[in-house]
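Engineer: Provided below for reference: sequence and predicted model.
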Amino acid sequence: MAAFIADVLELAGLFRRGADGIAREEGQTQARWYALSVFSAEPLTVSQAARRLGTTRQGLQRTADDLVDRGLATVEPNPDHRTSPFIRLTEEGRAVLTRISEAATVTRRRWLPDPDLDELEGAHAVVRRLRDTLREQL
C-alpha cells in the first residue's frame, strides 16, 4: 500500500507539472485552470469549490479573486449566505476553459495513446473506492 500511495502522489505531481504547461499555453496557471473547471458546472461558493478541489478556502479565494480581476468569472449574490457569494464563469472564462481542455485532450492522448479501457476503469474504481473511504474516515 505504501508503494501505491507513493506512486499516486508522484503521478499527481507529474499531472500538476503537465497541467502547468498546458495552462501556460493560454496564459493561465494550473490553479486558475482547476478553478475555472470547478466553477464551470454550476455556481459554487469558494468554500464549496475548495472542498471539491481538496484545497484551502483561503488559497482558492485568491485564485477566484484573480479570475474575477481578469474578467474570467463574476461574483453573484448567494441568497442563502450573504457573505459567501457564488462564483460564475463569464463567457471569456468558458472560452479559456474550452481551449485549455482541448489542449489537455491532445496532451492526454500523447501520454496514453492506446489505453486499455477495462484496465483504466479498474484502476479508476480502486482510486475512487479509496478516495471515498478516506472521505468518510478523515
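Structural biologist: Okay, I see it. Numbers count the residues shown, from 1 in each chain.
Engineer: For the residue nearest to the spatial centre of the chain, which non-adjacent residue is spatially closest?
Structural biologist: The centroid of the chain falls nearest to residue 34 when counting by CA atoms, centre = their mean (3.1 Å). Counting by CB to CB, 6 or more residues apart in numbering, the nearest residue to residue 34 once its immediate chain neighbours are dropped is residue 53, at 5.9 Å. Using the backbone N, CA and C atoms, a C-beta is placed for each residue, glycine as well.
Engineer: any idea how far that neighbour lies from residue 59?
Structural biologist: Using CB to CB, to the nearest Å, one obtains 9 Å as the distance from residue 53 to residue 59.
Engineer: same thing with residue 127?
Structural biologist: With the distance defined as CB to CB, residue 127 ends up 23 Å from residue 59.
Engineer: Pull the residues that contact the strand or helix carrying residue 129.
Structural biologist: With elements taken from DSSP states H and E, the one containing residue 129 is helix 117-137. Counting by CB atoms under 8 Å, 6 or more residues apart in numbering, the neighbours of helix 117-137 from elsewhere in the structure are 8, 112.
Engineer: Any buried residues in that helix, and which?
Structural biologist: Taking 16 or more other CB atoms under 10 Å as the basis for neighbour counts, none of the residues of helix 117-137 comes out buried.
Engineer: hey, C-alpha coordinates of it in CSV?
Structural biologist: What follows is helix 117-137 as a C-alpha-only set of coordinates in CSV (Å, rounded to 0.1, in the frame of the first residue of the first chain):
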residue,chain,number,x,y,z
LEU,A,117,-10.2,0.9,-21.2
ASP,A,118,-11.0,-2.1,-18.9
GLU,A,119,-7.7,-1.7,-17.1
LEU,A,120,-8.1,2.0,-16.8
GLU,A,121,-11.6,1.7,-15.4
GLY,A,122,-10.4,-0.9,-12.9
ALA,A,123,-7.7,1.4,-11.7
HIS,A,124,-10.2,4.3,-11.5
ALA,A,125,-12.6,2.1,-9.5
VAL,A,126,-9.8,1.3,-6.9
VAL,A,127,-8.8,5.0,-6.6
ARG,A,128,-12.5,6.1,-6.2
ARG,A,129,-13.1,3.4,-3.6
LEU,A,130,-10.0,4.5,-1.6
ARG,A,131,-11.0,8.2,-2.0
ASP,A,132,-14.5,7.5,-0.7
THR,A,133,-13.2,5.5,2.2
LEU,A,134,-10.8,8.3,3.2
ARG,A,135,-13.5,11.0,2.8
GLU,A,136,-15.6,9.0,5.3
GLN,A,137,-12.8,8.4,7.8
